[in-house]
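Student: Here you go, sequence then predicted model.
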2 protein chains.
Amino acid sequence: MCDHCGCNTKLKPLKKVVLDLNINIKAKNDYFAEKNRETFANSNLFAINLISSPGTGKTTLLETTLKALKKKFKFAVIEGDLQTDNDKKRIEKQKVPVRQINTDSACHLDAQMIQNELTHFDLKALDLLFIENVGNLVCPASFDLGENTKVALLSVTEGDDKPEKYPILFHEASVALITKIDLAKHTNFSIKKCRAHLKRINPKIEIIEISATKDKGMNKWYKWLESKIQVR
Amino acid sequence: MCDHCGCNTKLKPLKKVVLDLNINIKAKNDYFAEKNRETFANSNLFAINLISSPGTGKTTLLETTLKALKKKFKFAVIEGDLQTDNDKKRIEKQKVPVRQINTDSACHLDAQMIQNELTHFDLKALDLLFIENVGNLVCPASFDLGENTKVALLSVTEGDDKPEKYPILFHEASVALITKIDLAKHTNFSIKKCRAHLKRINPKIEIIEISATKDKGMNKWYKWLESKIQVR
């Protein structure tokens, strides 16, 4: 098993100690995830881990959501990227507290990175924390950040077969947002096939079709968010 | 550093031995990559490692390329996916030798996986081997498979900022294919900005704009491929 992706590498361990260290490092992440979960609960804060491929529309979703709901609820955002603070700059325009994590070349956020950033927010004043993970449909799904739930995004331009080919995230997530729905007519994406793949992998997953730039389906997403904020 | 992604995790090593094992495991991949490189050279075979996000159009590129050039050259394909053999089935329709690697939950192909598959091909009868890596813009870029070159794909629907945000692959690749160029008019993708980001990361990178489904720019790609087959 990979030391911090948690994926099953075909490389055989060179020494038995590799396995023990894997367990330790995975356990270390879970330790920090548990600490984060306690922090969120003590602050009465709902935390969402947003995961998708690069370019599926995570930051655009956040911009649109913050614009629509920021007067009603108190949000904060953690942005994860290999490099650049472009996404942080986009979120700052919404006048919402935001922190950027640059992982350099690491393929996902881990729970300790999140813990380090939490000290920069007034957590008790917040209703909801969005954590935008590194754009990657594989590795981030295996790393618990202590979040309340994972939200998966999949754009119609990526193809309706992606849940079947990359099932780990869709198995874990409570919501799948099918994004860029306005572009579906220019592709061979089948909503019906995609929904069937998603429901086979995770019968409980909620599926919402959206276009953040064309304001399609966003009310359904906002209602889901509000329901989570209200029952926390 | 991550044991097999080679990425710089922020997790501190629990024991000094972690670092030594990282070096060993990375060295193990490089050993198999070197063996693969020798095999390709001895068989006078050009090998291309195709890397992109999920759904950028790697398999569609292969289908179109094989259809256009398979009478002229002898191709083989290795398909990498977490799960399913959907891509293998698509390539089989082109009557070209193809093998599927399912990594289960591993985020990239490694050199030993490739070595295992090479025994299934008549290598000396081939001109070019395509290796379609797992859909992931981060981890596959750090793992040498012994290929002659890496080709990166980036679709216009992913956004023109992706080379800047995920520079590792684009720094390594000799060609960047900007795919789904027919959809550019429906997005805010700037070819000019994307080209500038790519050239800043890798001044030598060749950039080809294509639409495999609408047959745009494909001749330039075919000419590049033919030039590589001819000088191998």
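Tutor: Cool, the structure landed. Numbers count the residues shown, from 1 in each chain, chains lettered A, B, ... in the order given.

Student: List the buried residues for stretch A:86-99?
Tutor: If you call a residue buried by 16 or more other Cβ atoms under 10 Å in any protein chain shown, then stretch A:86-99 has these buried ones: A:Asp87, A:Lys88, A:Arg90, A:Ile91, A:Gln94, A:Val96, A:Pro97, A:Val98, A:Arg99. All C-beta atoms are positioned from the backbone trio N, CA, C, and that covers glycine.

Student: Check the secondary structure at the last one for me.
Tutor: Here A:Arg99 takes the strand state, with states given by DSSP: H, G, I helix; E, B strand; the rest coil.

Student: I'd guessed it sits against A:His120; true?
Tutor: Yes. Counting by Cβ atoms under 8 Å, A:Arg99 does reach A:His120; the two are 5.5 Å apart.

Student: Now do the shared contacts for the two.
Tutor: Counting by Cβ atoms under 8 Å, 6 or more residues apart in numbering or on different chains, A:Arg99 and A:His120 have no contacts in common.

Student: okay, which residue is most central for chain A?
Tutor: Nearest to the mean C-alpha position of chain A, by Cα atoms, centre = their mean, lies A:Leu50 at 1.6 Å.

Student: which is the next helix or strand following the host helix or strand of that one?
Tutor: Of the helices and strands defined by DSSP states H and E, A:Leu50 is found in strand A:46-51. Moving toward the C-terminus from strand A:46-51, the next helix or strand (DSSP H and E) is helix A:58-69.

Student: so what secondary structure elements neighbour the helix or strand following that next one?
Tutor: Sequence order places strand A:75-81 as the next helix or strand after helix A:58-69, per DSSP H and E. Contacts defined by 3 or more Cβ pairs under 8 Å, 6 or more residues apart in numbering or on different chains; DSSP states H and E place strand A:75-81 against helix A:58-69, helix A:86-92, strand A:98-102, helix A:111-118, strand A:128-132.

Student: Out of the ones you listed, which is the most enclosed?
Tutor: Mean neighbours per residue, mean count of other Cβ atoms under 10 Å in any protein chain shown, is largest over the helices and strands packed on strand A:75-81 for strand A:128-132, with a mean of 25.

Student: Which strands or helices does that one pack on?
Tutor: strand A:46-51, helix A:58-69, strand A:75-81, helix A:218-231.

Student: Please produce JSON lines containing those, extended by mean pLDDT.
Tutor: Compiled in JSON lines, the helices and strands packed on strand A:128-132 are given as follows (pLDDT from 0 to 100):
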{"stretch": "strand A:46-51", "mean pLDDT": "98"}
{"stretch": "helix A:58-69", "mean pLDDT": "98"}
{"stretch": "strand A:75-81", "mean pLDDT": "98"}
{"stretch": "helix A:218-231", "mean pLDDT": "94"}
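
Student: Let me have these in CSV, adding distance to B:Ser43 as columns.
Tutor: Below are those laid out as CSV (distance: least, Cβ to Cβ, whole Å):
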stretch, distance to B:Ser43
strand A:46-51, 40
helix A:58-69, 43
strand A:75-81, 40
helix A:218-231, 53
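
Student: OK, contacts around A:Leu69?
Tutor: Taking Cβ under 8 Å, 6+ apart as the criterion, A:Leu69 is in contact with A:Phe75, A:Tyr222, A:Leu225, A:Glu226.

Student: which regions of chain A sit below the pLDDT cut-off?
Tutor: A:1-25, A:232 (pLDDT under 70).

Student: list the contacts for A:Ala68?
Tutor: Neighbouring residues of A:Ala68 by Cβ under 8 Å, 6+ apart: A:Met218, A:Tyr222.

Student: ok, it to chain B distance?
Tutor: A:Ala68 is 20 Å from chain B, where distance means Cβ to the nearest Cβ, to the nearest Å.

Student: which residues pair with the residue nearest to the centre of chain A across the strands?
Tutor: Here A:Leu50 sits in beta bridges with A:Glu132, A:Val151, going by DSSP bridges.

Student: surely it meets A:Val151?
Tutor: Yes. Using Cβ under 8 Å, A:Leu50 makes contact with A:Val151 at a distance of 5.3 Å.

Student: Which of the contacts of A:Leu69 sits closest to chain B?
Tutor: Using Cβ to the nearest Cβ, A:Phe75 is the member of those that sits closest to chain B, with 22.6 Å.
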